[in-house]
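Enquirer: Sharing a model prediction with you, sequence too.
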Amino acid sequence: MDYEKICKKVMEIDPKIRFAGIINEKGRLFAGGMRNGLKSLEDSRDDEMLYMELVLRAKMRREFDKVLGPVQFAMSYREKVIIMSFPVNDNVLLLSTEKGIDFSTIPFKIMKMLAH
């Protein structure tokens with residue numbers, strides 16, 4: 001799977017997507033990143049904590065897969081941004097978007113793209 005290509009395609013879906021990156025099971029970013037010209041809202045040390053917390057939450061959600069079915073995406077609606085995460089094999093696709101994005105359609109476009 002070409003993870004850089006996935007991140008690039010995700011960024012093309014909507015200009016309000018600030019960040020698209022693939023985080024491995026150890027909480028490390030290994031593909032994608034911030035949209036050119038934008039600055040992260042947190043510093044790089046906070047990025048690492050966010051990634052590790054995200055991976056931990058994704059692993060914890062798997063505990064309920066047998067009962068509820070696997071997670072297809074998760075979303076946090078925050079004061080400054082919307083954060084979405086999508087399981088991709090043993091990794092997580094992380095998105096950060098502007099608040100004005102259409103979060104009723106974007107996740108489903110991404111899930112369709114990931115299915116191909």
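Expert: Received the coordinates, thanks.

Enquirer: give the contact list for M34.
Expert: Applying C-beta atoms under 8 Å, 6 or more residues apart in numbering, we find M34 in contact with 18-19, 40. Backbone N, C-alpha and C define where each C-beta goes, glycine included.

Enquirer: for L38, what are its contacts?
Expert: The contact partners of L38, taken as C-beta under 8 Å, 6+ apart, are 18-19.

Enquirer: so after the host helix or strand of K8, what's the next helix or strand?
Expert: In this assignment (DSSP states H and E), K8 forms part of helix 3-13. Moving toward the C-terminus from helix 3-13, the next helix or strand (DSSP H and E) is strand 17-23.

Enquirer: Mind listing the strands the next helix or strand after that following strand pairs with, and their directions?
Expert: As assigned by DSSP H and E, the chain's next helix or strand after strand 17-23 is strand 29-34. Strand 29-34 sits in its sheet next to strand 17-23 (antiparallel), going by DSSP bridges.

Enquirer: Just the CA coordinates for the strand it pairs with, please, in CSV.
Expert: What follows is strand 17-23, C-alpha atoms only, in CSV (Å, rounded to 0.1, in the frame of the first residue of the first chain):
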residue,chain,number,x,y,z
ILE,A,17,-8.1,19.3,5.4
ARG,A,18,-5.0,20.6,7.2
PHE,A,19,-3.2,17.3,7.9
ALA,A,20,-3.3,13.8,6.6
GLY,A,21,-0.8,11.3,8.0
ILE,A,22,-0.3,7.6,8.6
ILE,A,23,0.6,6.7,12.2
